[in-house]
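*Asks:* Test case, fold it:
(one chain, ligands or ions: 1)
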Amino acid sequence: MATTASQTGKEENKKRVEIFDTEENLAIDLAKYTADLSDKFCKERGAFTVVVSGGSLIKSLRKLVEVDSIDWSRWHFFWVDERVVPKHHEDSNYKLAYDSFLSKVPIPPGNVYAINDSLSAEAAADDYETCLKHLVKTNVLRVSDSTGFPKFDLMLLGMGPDGHVASLFPGHGLCSENKKWVASITDSPKPPSERITFTFPVINSSAHVALVVCGSGKAEPVQMALNKTGSVPAGSVSAEEELVWFLDKPASSKL
Ligand SMILES: O=C(O)[C@H](O)[C@@H](O)[C@H](O)[C@H](O)COP(=O)(O)O
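*Replies:* Predicted coordinates for the structure are as follows:
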């Protein structure tokens, strides 16, 4: 059972907060939310562009693999950030998503866009950006009319205990990067230190963003992000259609 903040009049334009008694119920609702958007975009444009983070978000996608109605052949799958390690390294977000999700659903392998793991962080970021620009040219990926940045249909993001999203960390200069679509970082405070990450203009040009946050250890940054009582990167996340926060009770305990 979820409590929607919009029922309490807290809804701001294009932002909704859903609070769940358990992570299990959150995962069930997240699967339905994602499947509904997949149906919508597959009907509207014959494709569905989905971006995931690493971390515990992938575990919360487990119920999605049980949804029979999804047309996986239309999915195009991306990462909002990735560690610059070999694809099958234990720190790889590709490996994390493959083992828990991609290996269980029939998304065409050519529609799964992993980084080129033979490149340096900087070259891998440029290479990923080139890949996105090609997908814009071939109309797989839309561009936002208002920002000119790529407009993914759905981003499914986690948030760190310091309020970071993707690999955009508090106080890091990358949080204000407003030209690049994909940037590299070599001093990530969360190991491993070398990563690539989408920038905020790309994240915030998404049609839909789901910020999935569980556990009492994140209650403080959730409160800071939602009540604007402090600046954490997650507080800067927005979406062109709708941003939905999926919280379990412990993560919402300071709201
Ligand atoms: O590559 C990464 O490290 C992730 O993309 C990162 O942004 C993650 O989403 C947060 O750190 C939350 O991770 P947890 O949910 O596991 O705390």
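*Asks:* Show me the shaky parts of this protein.
*Replies:* Low-confidence segments of the chain, defined by pLDDT under 70, span residues 1, 4-13.
*Asks:* Specify the local secondary structure of the residue in it positioned nearest to the ligand.
*Replies:* Taking C-beta to the nearest ligand atom as the measure, the chain has G55 as its residue closest to the ligand, at 2.4 Å. All C-beta atoms are positioned from the backbone trio N, CA, C, and that covers glycine. Using DSSP: H, G, I helix; E, B strand; the rest coil, the three-state assignment for G55 comes out as coil.
*Asks:* Could you tell me how many residues sit around it?
*Replies:* With neighbours defined by other C-beta atoms under 10 Å, the count for G55 comes to 17.
*Asks:* Now for the nearest residue to it once chain neighbours are set aside: which residues touch it?
*Replies:* Here the nearest residue to G55 in space, its sequence neighbours aside, is G158; by C-beta to C-beta, 6 or more residues apart in numbering that works out to 4.2 Å. When contacts are counted by C-beta atoms under 8 Å, 6 or more residues apart in numbering, G158 is found next to 53-57, 165, 211-213.
*Asks:* same thing but 10 Å
*Replies:* Each residue near G158 by C-beta atoms under 10 Å, 6 or more residues apart in numbering is listed here: 52-60, 80, 164-166, 211-214, 218, 234.
*Asks:* ok, so what distance separates it from Y94?
*Replies:* The gap separating G158 from Y94 is 16 Å, by C-beta to C-beta, to the nearest Å.
*Asks:* which other residues reach the host helix or strand of K95?
*Replies:* Using DSSP states H and E, K95 sits in helix 93-100. The set of residues that contact helix 93-100 without belonging to it, under C-beta under 10 Å, 6+ apart, is 52-59, 61-62, 65, 77, 79-83, 85-90, 92, 102-104, 112-115, 117, 195.
*Asks:* Out of those, which end up buried?
*Replies:* Restricting the contacts of helix 93-100 to buried positions leaves 52-58, 61-62, 77, 79-83, 85, 92, 102, 112-115, 117, 195, with burial counted as 16 or more other C-beta atoms under 10 Å.
*Asks:* got the residues of the protein near the ligand?
*Replies:* Within the chain, the positions near the ligand by C-beta under 6 Å from any ligand atom are 53-57, 81, 93, 158-160, 164-166, 190.
*Asks:* For the residues you listed, give me CSV that also has distance to S238.
*Replies:* Conversion of the residues of the chain next to the ligand to CSV gives the following (distance: C-beta to C-beta, whole Å):
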residue, distance to S238
S53, 16
G54, 21
G55, 21
S56, 22
L57, 18
D81, 18
N93, 23
G158, 17
M159, 14
G160, 19
H164, 16
V165, 11
A166, 14
K190, 23
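*Asks:* what about D187, how many neighbours?
*Replies:* For D187, the count of nearby residues is 10 (other C-beta under 10 Å).
*Asks:* what about the strands in the protein?
*Replies:* 2-4, 15-20, 48-52, 75-79, 81-83, 142-143, 150-151, 154-157, 182-185, 195-198, 208-213, 242-248 (DSSP state E).
*Asks:* partners of the fifth one in the sheet?
*Replies:* Using DSSP bridges, the neighbouring strands of strand 81-83 in the sheet come out as strand 195-198 (antiparallel).
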